[in-house]
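Trainee: Let's see this in three dimensions:
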Amino acid sequence: MKTDPQNSDYIVESVATRNFGPWRAEDEEAENQKLKRDAEEIGDPMKSLENRTMDSKREMDILAALDEMKSMKSRNATVTVDEMLEALRRTAEQKL
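Mentor: Next comes the predicted model:
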């Protein structure tokens, strides 16, 4: 056996055989869901439209969250340590 850190897995070098792959169950479930969805869309154009609409909405939500994370990172990158300490000092003074 040899470790494969890039893929978080092990590589069988000789004699041994792989009995279980943890990703197999996930891959099979994803494939089953895709086949079920495709079968629903074949006979029902409204279902196809609904699925495309949900996919578009999900993609827009993901992009919005990504943009928010990028903007938060850029805001935090512009704050210096001295500015943070000054802000903490001011809030401490205001509490007193």
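Trainee: and Arg52, how far is that from Ile42?
Mentor: Note on Arg52: its distance to Ile42, by C-beta to C-beta, to the nearest Å, is 14 Å. Where C-beta positions appear, they are placed from N, C-alpha and C, glycine not excepted.
Trainee: Any regions of this structure where pLDDT drops low?
Mentor: Within the chain, the stretches with pLDDT under 70 are 18-22.
Trainee: nearest residue to Thr3 other than its sequence neighbours?
Mentor: The spatial neighbour of Thr3 that comes closest, neighbours along the chain excluded (C-beta to C-beta, 6 or more residues apart in numbering), is Tyr10 at 6.0 Å.
Trainee: wait, the one you found sits on Ala16?
Mentor: No: under the criterion of C-beta atoms under 8 Å, Tyr10 lies out of contact with Ala16, with a separation of 9.3 Å.
Trainee: So for the helix or strand hosting Ala30, what gets flagged as buried?
Mentor: Take DSSP states H and E as the rule and Ala30 turns out to sit in helix 22-43. Going by neighbour count (16 or more other C-beta atoms under 10 Å), the buried part of helix 22-43 is Glu41.
Trainee: now could you export just the CA positions of it as CSV?
Mentor: Taking C-alpha atoms only, helix 22-43 is exported to CSV below (Å, rounded to 0.1, in the frame of the first residue of the first chain):
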residue,chain,number,x,y,z
PRO,A,22,-16.1,5.5,0.1
TRP,A,23,-16.8,7.6,-3.0
ARG,A,24,-18.6,4.8,-4.8
ALA,A,25,-21.8,5.2,-2.8
GLU,A,26,-21.8,9.0,-3.4
ASP,A,27,-21.2,8.6,-7.1
GLU,A,28,-23.9,6.0,-7.5
GLU,A,29,-26.4,8.2,-5.6
ALA,A,30,-25.5,11.2,-7.8
GLU,A,31,-25.9,9.1,-11.0
ASN,A,32,-29.3,7.7,-9.8
GLN,A,33,-30.6,11.2,-9.1
LYS,A,34,-29.4,12.4,-12.5
LEU,A,35,-31.1,9.5,-14.3
LYS,A,36,-34.3,10.1,-12.4
ARG,A,37,-34.2,13.8,-13.2
ASP,A,38,-33.6,13.1,-16.9
ALA,A,39,-36.4,10.6,-17.0
GLU,A,40,-38.8,13.1,-15.5
GLU,A,41,-37.7,15.8,-18.0
ILE,A,42,-38.3,13.6,-21.1
GLY,A,43,-42.0,13.4,-20.7
